[in-house]
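> here are the coordinates; sequence isn't available:
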Ligand code: DGJ
């Protein structure tokens with residue numbers, strides 16, 4: 001709901017309210033825009049006192065020649081560079097006359113139902129209740145207009161914000177910096193919480209107190225990256241799964257980004273997110289416009305659990321591709337860890353048969369099926385079947401695999417090219433490169449310059465042909481290297497710093513076209529595992545391979561961190577062979593299965609190598625997952641343990657209607673001679689009764705929350721246990 005209120009003192013207020021939160025925007029009589037309040041829901045009333053009460057420091061610069069008006073102390077909605085606020089601005093422009101000063105005043109607003117598409121960019125889609133406030137700001141000296149577009153998702157307790165810049169002047173100007181959100185919170189007691197990691201160790205939760213100065217995370221790697229997800233939150237110290245105030249931002253973007261928390265000398269915290277300003281600028285011609293990608297804003301007072309549930313519901317209902325929304329994700333077997341590059345058509349058909357025999361529904365042929373690729377050194381870009389290796393064409397192979405009663409999916413790495421490829425030989429100018437410098441390889445690849453529309457057209461043509469020629473149900477869209485030696489043969493010199501962002505716009509165009517033309521193909525995003533697990537990708541791909549690390553113990557913090565924002569159906573989680581290929585650990589199949597069942601289940605192994613006992617266990621685990629997958633993939637997640645010492649993890653999925661509950665507990669290291677502990681549950685209806693499937697007891701939700709489940713004596717490392725509870729009628733007494 002968006003309400004407006006005009007006060008006698010000349011302030012105009014906009015109350016952007018969700019079911020339980022409100023963001024207040026204030027336009028003062030001089031056209032300045034403030035955000036004096038963001039928090040739990042409040043009624044519309046005259047809040048002029050909030051800004052009026054802020055003390056004014058005499059040593060700060062005046063604005064508008066007014067001695068008592070110090071922008072540097074005020075909670076601005078979109079602070080400009082150069083007009084007296086000396087904190088980090090939300091944006092900075094350089095004009096044709098060399099000036100860098102911008103003074104934005106609000107000159108109008110529009111409120112409308114729904115939300116307009118963001119040109120060329122992914123976004124959270126509007127639902128029936130969505131409303132948008134568009135505020136128009138103008139710098140009259142230079143003719144720069146900035147539109148702040150704030151959309152309210154009332155039922156989801158979420159907002160989105162994007163920013164559009166229009167050049168209404170007579171000369172081009174340059175955008176040097178552009179955040180999509182800048183929030184001034186009048187406090188400095190926060191912890192900055194974010195996700196960090198590396199290949200095989202993605203999405204680990206990190207937190208540290210903010211201090212005067214700036215904390216930031218970001219990426220300059222050309223992808224949102226393994227190192228940091230474009231997610232950051234300011235949380236109360238001590239915030240856990242159920243307690244604590246949380247302000248979270250998530251960037252709907254897959255490239256370079258910066259998220260920062262700057263505490264100023266007056267103890268305000270400025271919380272920003274947007275395109276990374278380093279090595280970025282954008283020249284805006286007269287009449288042209290530029291849209292900065294949107295950020296999702298979530299506020300809540302009940303800890304990280306509530307925050308995650310809000311992200312999950314929003315992403316499920318309004319972000320993930322519509323064609324697969326609410327549909328069960330197939331259990332798949334991916335050939336990578338089973339075969340790597342060593343396979344034949346025959347071995348693949350046999351592997352697919354093995355997959356089907358344990359219950360998998362989709363067989364994915366990973367890397368090595370095209371060109372003359374037997375290792376990483378060739379053929380990426382030449383998406384034609386390697387007939388000699390496959391023992392024929394793709395058609396015959398797929399037929400054979402379908403004959404095993406399983407669907408077929410394929411791996412692609414469309415954004416890269418091998419130096420040893422026909423594509424590179426034909427178009428050496430199509431790769432990212434700097435004049436006069438060697439093009440450095442990474443994983444034996446170069447990066448295609450997707451800022452060049454011809455490259456994108458080529459990808460659309462090639463992949464469309466592939467998808468039209470063969471019955472392919474699924475594509476794993478991989479991306480295995482980051483950008484170095486940036487430069488484009490296509491862009492003019494003055495636009496070179498636009499390349500990284502133009503690349504993303506090119507990628508989004510390709511994905512948009514393919515998902516529009518082939519909506520029936522399930523896409524899984526991957527970037528050497530979790531190198532691009534952001535909501536930008538989730539607009540196009542229905543799931544993401546969140547890490548190449550398939551060791552169940554390593555997966556615990558990775559899946560915990562990823563689940564802060566990603567709903568379970570969007571996280572690819574596979575049971576792999578032992579010893580594990582990343583860590584060398586051998587973990588029981590029960591533990592591997594329990595951990596992988598927290599997402600969209602898959603296999604990364606050859607079932608033929610299992611002992612008969614393991615095979616039976618695996619078949620049962622897959623059958624059980626299929627019976628429960630709606631609860632996992634569409635239910636509510638409650639993380640019960642994991643933030644504490646990292647030795648114990650537990651989580652609970654409750655089906656949409658609350659009738660089925662799956663609880664999983666994992667302990668990494670056993671501890672001798674401890675008391676037998678209990679696992680208290682959350683997310684149950686206090687007055688409902690639940691029956692345990694295995695043991696048959698019936699207990700109330702209240703009892704299970706207060707007393708918990710007995711964990712018993714745990715005598716092994718890597719211990720896992722699951723409970724399946726069903727809501728039942730009250731027992732007869
Ligand atoms: C990296 C991916 O993360 C792996 O799963 C696999 O697809 C390889 N690339 C193939 O080269």
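Perfect, thanks for sending it. This structure is a prediction, so every number in the text was calculated from the model and none was measured.
> Residue 13 touches residue 5, doesn't it?
Yes: under the criterion of C-beta atoms under 8 Å, residue 13 makes contact with residue 5 at 4.4 Å. (Glycine included, C-beta is placed from N, CA and C.)
> Find me the pLDDT at the closest residue to the ligand within the chain, would you?
Nearest to the ligand, among the residues of the chain, is residue 367, at 3.5 Å (C-beta to the nearest ligand atom). We have a pLDDT of 98 for residue 367.
> Give me the longest helix you can find in this structure.
helix 612-634 (DSSP state H).
> contacting residues around that one?
With contacts defined as C-beta atoms under 8 Å, 6 or more residues apart in numbering, helix 612-634 is touched by 316, 326, 328-329, 331, 357-360, 567-569, 575, 589-590, 593, 597-601, 603, 607, 610, 653-656, 660-662, 724.
> Can you tell me the element residue 151 falls in?
Assigned by DSSP states H and E, residue 151 falls within strand 144-153.
> For burial, what's the neighbour tally of residue 716?
Residues lying near residue 716 (other C-beta atoms under 10 Å) number 11.
> again with residue 171
12.
> distance of it from residue 495?
Per C-beta to C-beta, to the nearest Å, residue 171 is found 16 Å from residue 495.
> Quick one: name the residues of the protein near the ligand.
Within the chain, the positions near the ligand by C-beta under 6 Å from any ligand atom are 336, 366-367, 411, 478, 480, 526, 528-529, 545, 548.
> Same list (those) but as TSV, adding distance to residue 539, neighbour count and secondary structure.
Below are the residues of the chain next to the ligand laid out as TSV (distance: C-beta to C-beta, whole Å; neighbours: other C-beta atoms under 10 Å; DSSP: H, G, I helix; E, B strand; the rest coil):
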residue	distance to residue 539	neighbour count	secondary structure
336	25	23	helix
366	24	21	coil
367	25	21	coil
411	21	21	strand
478	18	24	coil
480	22	21	coil
526	16	29	coil
528	21	22	coil
529	20	26	coil
545	17	30	strand
548	23	21	coil
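> Tell me the one of those nearest residue 145?
In terms of C-beta to C-beta, no member of these lies closer to residue 145 than residue 526, at 39.5 Å.
> Now do the contacts for that closest one.
Contact analysis of residue 526 by C-beta under 8 Å, 6+ apart lists 476-479, 532, 544-545, 572.
> Am I right that residue 688 is in contact with residue 702?
No: using C-beta under 8 Å, residue 688 is not in contact with residue 702; the gap is 9.0 Å.
> Can you say which of the contacts of helix 612-634 are buried?
Among the contacts of helix 612-634, those buried by neighbour count (16 or more other C-beta atoms under 10 Å) are 316, 329, 331, 358-360, 567-569, 575, 589-590, 593, 597-601, 603, 607, 610, 653-655, 660-662, 724.
> what's the residue nearest to residue 549 when sequence neighbours are not counted sitting at in phi/psi?
Nearest residue to residue 549 in three dimensions, chain neighbours excluded: residue 200, at 4.0 Å (C-beta to C-beta, 6 or more residues apart in numbering). Torsion angles at residue 200 (phi, psi; degrees, to the nearest 10) stand at phi 70, psi 10.
> can you pull the pLDDT of residue 200?
Reading off the model, residue 200 has pLDDT 97.
> So what's the residue count around it?
Residues lying near residue 200 (other C-beta under 10 Å) number 18.
> re the thing from before, if you skip the residues just before and after it, what's nearest to the residue of the chain closest to the ligand?
What sits nearest to residue 367 in space, not counting adjacent residues and going by C-beta to C-beta, 6+ apart, is residue 411, at 5.4 Å.
> List the contacts of that neighbour.
Counting by C-beta under 8 Å, 6+ apart, residue 411 has contacts 336, 364-367, 369, 475-476, 478.
> got the contact list for the residue of the chain closest to the ligand?
336, 340-341, 373, 411, 413, 478.
> Kindly tell me how buried residue 438 is, as a neighbour count.
Neighbours of residue 438 (other C-beta under 10 Å): 8.
> hmm, back to that, what helices and strands are in contact with the strand holding residue 151?
Judged by 3 or more C-beta pairs under 8 Å, 6 or more residues apart in numbering; DSSP states H and E, the packing partners of strand 144-153 are strand 12-17, strand 131-139, strand 158-167.
> Kindly reformat these as TSV containing distance to residue 261.
Formatted as TSV, these follow (distance: least, C-beta to C-beta, whole Å):
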stretch	distance to residue 261
strand 12-17	22
strand 131-139	24
strand 158-167	17
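> so which of the ones you listed comes closest to residue 269?
Taking C-beta to C-beta, strand 158-167 is the member of those nearest to residue 269, at 17.5 Å.
> Could you check the angle the closest one makes with strand 144-153?
160 degrees (axes from the mean of the first three to the mean of the last three C-alpha atoms, to 10 degrees).
> between strand 158-167 and strand 12-17, how big is the angle?
Here strand 158-167 runs at an angle of 140 degrees relative to strand 12-17 (the same axes, to 10 degrees).
> tilt between strand 158-167 and strand 131-139?
In terms of direction (the same axes, to 10 degrees), strand 158-167 departs from strand 131-139 by 30 degrees.
> And the pLDDT at residue 83?
At residue 83, pLDDT is 88.
> For it, which residues are in contact?
Residues near residue 83 by C-beta under 8 Å, 6+ apart: 63, 71, 101-103.
> circling back to that earlier point, closest to residue 165 out of the contacts of residue 411?
Out of the contacts of residue 411, the member with the shortest distance to residue 165 (by C-beta to C-beta) is residue 478, at 34.0 Å.
> What count of nearby residues applies to residue 484?
Neighbour count of residue 484, defined by other C-beta under 10 Å: 17.
> Helix, strand, or coil at it?
coil (DSSP: H, G, I helix; E, B strand; the rest coil).
> Report pLDDT for the residue nearest to it when sequence neighbours are not counted.
Using C-beta to C-beta, 6+ apart and skipping residues adjacent in sequence, the residue nearest residue 484 is residue 440, 5.3 Å away. With respect to pLDDT, residue 440 has a value of 97.
> swap in residue 243?
Confidence score, pLDDT, at residue 243: 98.
> Now the closest residue to it other than its chain neighbours, what are its backbone angles?
Nearest residue to residue 243, sequence neighbours excluded (C-beta to C-beta, 6+ apart): residue 303, at 5.0 Å. Torsion angles at residue 303 (phi, psi; degrees, to the nearest 10) stand at phi 70, psi -170.
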